[in-house]
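coordinates only, sequence not included:
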């Protein structure tokens, strides 16, 4: 199979491309490789893909929010399916730089829908986010819940992507699957994410910031489990059969939560990090940050029932794996 993977230099996109290449697929990676975080890390990921993929990996360094550049670059290139993971990430950064989210997450998503439509893609899997659940208090979060009250612009753009996708599934019968990811972590992760920040600061003897005074719960999902879910979705396009799909659509459009189905207290992760790093963390207790939710917890019944998704990695295994990689990557 020939697959476009956007965000190929990013955390999840890199790991998905790597899995697809490992099973023999061909990958067209697309990424602008911006400076939102360390470009050297992104280039290191790309070097791995080139080494492992050989001539089955092609890379297009471009901004997919630029429709002209995207269309021109894909001219003459063949592909069957799309995994659209590229986006401007980060709940908190959306408060500082909202326009970046409109460009990447709204315009960019529309552009990929148009590419999929006009090039006859068999299926497009795209990244949504657990942040769409906003201030929902019913736990665990289900794809059948209302998600009309986002707490950040980032969450609002992801909800908008789901709505645009529903429209394209209706108008053009384009098979689409939206995935609401829950707190992804693991080797090759992002420096702006909690696991990396805490590890770096504990090693440096700096205080780690704990919002809501540490009373936070997250459904931490290991990267290998996330990738398994994405690939299972990619291989199983939603049928255009008029039946109600996960998320409520009668079109060829499904929505799934991909989480670990365990809501862990933040302090448990801190304790595992302390053990693995061999030093105590200095805690900086802070009030709740704007745009954050206190708890996330994924109901994964839909994807488990439809595709057999079953995460296997607990934080007791995943966090030590991340620390091991972090030490090796930093020499």
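Thanks, I have the structure now. These numbers were taken from a predicted model, which means no experiment stands behind them.

List the buried residues in stretch 28-38.
28-33, 36-37 (16 or more other CB atoms under 10 Å). For the C-beta atoms, the positions are set from N, CA and C on the backbone; glycine is no exception.

For it, measure first residue to last.
End-to-end span of stretch 28-38 (CA to CA, to the nearest Å): 22 Å.

Where do the strands of the stretch 101-250 of the chain begin and end?
123-127, 176-181, 184-185, 208-210, 217-218, 221-222 (DSSP state E, counting those that start in this stretch).

what about these, which gets the closest to residue 249?
Residue 249 lies closest to strand 176-181 among the strands of the stretch 101-250 of the chain, at 9.0 Å (CB to CB).

and the closest one, what does it pack onto?
Applying 3 or more CB pairs under 8 Å, 6 or more residues apart in numbering; DSSP states H and E, one finds that strand 176-181 contacts strand 123-127, helix 153-172, helix 223-234, strand 253-258.

What's the mean pLDDT across it?
For strand 176-181, mean pLDDT rounds to 97.

Tell me the pLDDT of residue 292.
Model confidence at residue 292 (pLDDT) stands at 64.

One more: the one 5 residues further on?
Taken from the predicted model, the pLDDT recorded for residue 297 is 76.

Give me the neighbour count for it.
22 (other CB atoms under 10 Å).

Could I get the contacting residues of it?
139-141, 217, 219, 259, 261-263 (CB atoms under 8 Å, 6 or more residues apart in numbering).

mind redoing it with 7 Å?
Counting by CB atoms under 7 Å, 6 or more residues apart in numbering, residue 297 touches 139-141, 219, 263.

returning to what we had before: among the helices and strands packed on strand 176-181, which comes closest to residue 95?
Nearest of the helices and strands packed on strand 176-181 (CB to CB): helix 153-172, 7.3 Å.

Give the buried residues for the closest one.
Burial within helix 153-172, assessed by neighbour count using 16+ other CB under 10 Å, is assigned to 153-162, 164-166, 168-169, 172.

and what of stretch 89-103?
89-91, 93-94, 100-102.

Equivalent analysis for stretch 254-273, please.
254-264, 266, 269-270, 272-273.
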